[in-house]
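Novice: Whatever this is, show me its structure:
(chains A and B)
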Amino acid sequence: MQPIHLAWVDYTILLAYTAFVIGIGFALRRYMKTSTDFFLSGRSIPAWVTGLAFMAANLGALELVGMAANTTKYGIATAHFYWIGAIPAMVFLAIFMMPFYYGSKARSVPEFLKLRFDERVRCLNSISFAVMTVFASGISMDCLARLLHLLLGWNYNISLWICSAVVLVYVIKGGLTSAIYTEVLQFFMIVLGFTPVIYLGLKDVGGWDKLKATLGLVAQNPAALDLNSKTFQPDAWTSVWKPVLAGPQANPMGVDWFAMVFGLGFVLSFGYWCTNFLVVQRAMAARNMSAARRTPLIAAVPKMLFPILVVSPGLIAAALAFTGKDGYRLPPKIVSDSAYVKAIPAVKEAAALKEDEPTAFKNVSAAIAMKLNEAKVAAIVKDAASLDDGAIKDRLQDAVVENDYNGVILSLVKKYCPAGLLGLALTALLASFMSGMAGNVTAFNTIWTYDLYQAYLAPNKSDHHYFRMGQVITVVGVLLSIACAYFARRYNNAMDVIQLVFSFVNAPLFATFLLAMFWARTTGTGAFLGLLGGISTSALVHGLTMAEGKGGWLGATLYTFPSSMAQNFWLASFAFIACLVLTFAISLATKRTKSDEELKGLVYSLTPKLKDEDQNWLLRPAVFGTILIIACVILNIIFW
Amino acid sequence: MGLDIRWPIGIMFTLIGALLLITGLVNGADARSLNININLWWGIVLLVFGALMLLGATRSRKTPPPA
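Specialist: The predicted model follows:
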């Protein structure tokens, strides 16, 4: 694949953005005086800023690249991650959970667990979260460096280290505020950088109706694009609910409605949006209770519309590739250098020995270890004598049939953007990766400093000491992320790995929080053992079931899921139920250690109700939240 | 916190908008973008967005925001 050539204007935009984020870091440095400033922005940020940051903090590789990839593969059902997943969870967080997070004055989610239960629960949560954040950050940086290498021909190592260094500089200077500000900046970059690409793409395929018609053909023959080996009803790629309701065999995601609604919509999404410190930290930085509660609601507005930016490119790419317009194809998986070393001699040997076509195809395919196009391989072997090694490499790459879904969104950028706009779109992408890393690093350094270092290793030090510790651990966090990026380099679909980690750790967590906040009888022992039970349940289920060749590491396979997506959703459902039941039962069997007085402000029934009457009625969380839910239902119906 | 975020957003998008606008004027329409001079049009959009952010920032500097 030929790298894209960048013009001076593209480099200027890229450099301008980098200069701005570093500049923001330095401009904020003089406000960083205490550890609260560094880790919680001094609880002083207006709601619209925390709201956009709340949403943008999760806009890393996961979002843009991963969701567009999923849409090409699974169709518009990807929008479920937004319309049944994120929005209801965000509204629930704002109305029911934020009063306890913000009102308890806890500085982190694990600290809330300590106030509500005991040190054990906090320790378990903070360690698992810290590990998860570093992994998420590493996966996203690996994805970034790979894209830069592929797209621009930049060196993987240099890209990884330079991007990490930029993040390090601005986080170390401006702490959480820096991360939040650059997240907001990045949000606008993404929206303004990708909108023209979507516009051009839609115009090129001939508008929404034409797109729908083409995708109807794709659904009936997805094998043509190597998307799926089955065939589906024409609406499989363009309807949100109909294919899901028709059963796991009728939709490309291979998911049944219960796994979708309960597994994704309830367990995974509520687990992520309501308990993940990465996003909750943004709301905790708000300047007062009503701003904190409004944060997830403000975030829900762009979140609801975001499928326009992430779902449509996936659909456009599938349609364009199906019609083959202007020679467009889905980006193929990249052949590694180590595969070429074996494949090029295989081609030459086939040519020299005049092997028959099936034998030559078998040998070359085995060397590349990917699905190849038989006719193209035959042509390469035929021409081998007149080709040099470079040309054989290019032709072999072209013969790969397997899709690199993560490359979908960039293939459109490459197709439609002239110099100038190209710089903007690429900078937006770079920005989203970097701010994803910054978000993870700021969550990581807070958890480390408050919940591990201050709690267990060095209590009762001066505030200045913890502030310095925060800066030191920021460096460590970035280095750990880089290490994880190299580790993640081995995996292909980053999204699946992240989902898997989330479902192990996050799924049972929401059960714990639900009982913690709404049932005063829940005890520390119950929560701790319930959580452990939930996490082991997800690991166990994953170990005993298979999907797409993954899982089943315990040896025996009791059940095979139609897709790894379905496996993840079911895994989460089991973990949630196990945690809920265990916590409930053990709590009843153990003695309460906290009095009603101690639980005031932490449990729903023991906390005085908040009065919202002084606010503009439209901005009251209950009203605002209801409007959002109604809008969400309408979107589901429109794309039914 | 001290720095109003609308300043960096406003300045950055005004700058990028101007860059795109100039690129659009110099290079003209491109076959890649379906012969639409997307740089020119999108440059204008970004300029307007940047200007609105700067306007908001200047106005709130004159009147302190309600607590």
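Novice: what's the domain layout of chain A?
Specialist: Residue ranges for the domains of chain A, per automatic domain parsing: A:8-325+A:409-492, A:337-402, A:494-607.
Novice: I'd like the mean pLDDT over the longest helix that chain B contains, please.
Specialist: Longest helix in chain B by number of residues (criterion: DSSP state H): helix B:38-62. For helix B:38-62, the mean pLDDT works out to 88.
Novice: same deal with stretch A:252-266?
Specialist: Across stretch A:252-266, pLDDT averages out at 85.
Novice: contact partners of it?
Specialist: A:73-75, A:77, A:80-81, A:84-85, A:88, A:219, A:222, A:227-228, A:230, A:232, A:236-237, A:243-245, A:247-248, A:561-563, A:565-566, A:568-573, A:576 (C-beta atoms under 8 Å, 6 or more residues apart in numbering or on different chains). Just so you know, the C-beta spots here come from the backbone N, C-alpha and C atoms, and that holds for glycine as well.
Novice: Filter those down to the buried ones, PyMOL style.
Specialist: Written as a PyMOL command, the selection of buried residues from the contacts of stretch A:252-266, which uses 16 or more other C-beta atoms under 10 Å in any protein chain shown, is:
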select buried, chain A and resi 73+74+75+77+80+81+84+85+88+219+222+227+228+232+236+237+243+244+248+561+562+563+565+566+568+569+570+571+572+573+576
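Novice: ok, and which of the contacts of stretch A:252-266 reach chain B?
Specialist: Subset of these in contact with chain B: empty, counting by C-beta under 8 Å from any C-beta of the partner chain.
Novice: Filter the contacts of stretch A:252-266 down to just the ones in helices.
Specialist: By the criterion of DSSP H, membership of those in helices covers A:73-74, A:80, A:88, A:219, A:243-245, A:565-566, A:568-573, A:576.
Novice: For the longest helix of chain B, list every residue counted as buried.
Specialist: B:38-43, B:45-47, B:49-50, B:53-54, B:57.
Novice: Grab the nearest non-local neighbour of A:V218.
Specialist: What sits nearest to A:V218 in space, not counting adjacent residues and going by C-beta to C-beta, 6 or more residues apart in numbering or on different chains, is A:F322, at 4.9 Å.
Novice: Touching, that neighbour and A:L217? I think so.
Specialist: Yes - at 6.3 Å, A:F322 and A:L217 qualify as touching, with contact defined as C-beta atoms under 8 Å.
Novice: how deep is the nearest residue to A:Q454 once chain neighbours are set aside tucked in, by neighbour count?
Specialist: Among residues not flanking A:Q454 along the chain, A:Y466 sits closest, at 6.0 Å (C-beta to C-beta, 6+ apart). The criterion is other C-beta atoms under 10 Å in any protein chain shown. On that basis, A:Y466 has 20 neighbouring residues.
Novice: A:Y604 now?
Specialist: When neighbours are defined as other C-beta under 10 Å, A:Y604 has 16 of them.
Novice: ok, it - contacts?
Specialist: The contact partners of A:Y604, taken as C-beta under 8 Å, 6+ apart, are A:96, A:100, A:517-518.
Novice: Quick check, pLDDT for it.
Specialist: You'll see A:Y604 listed with a pLDDT of 80.
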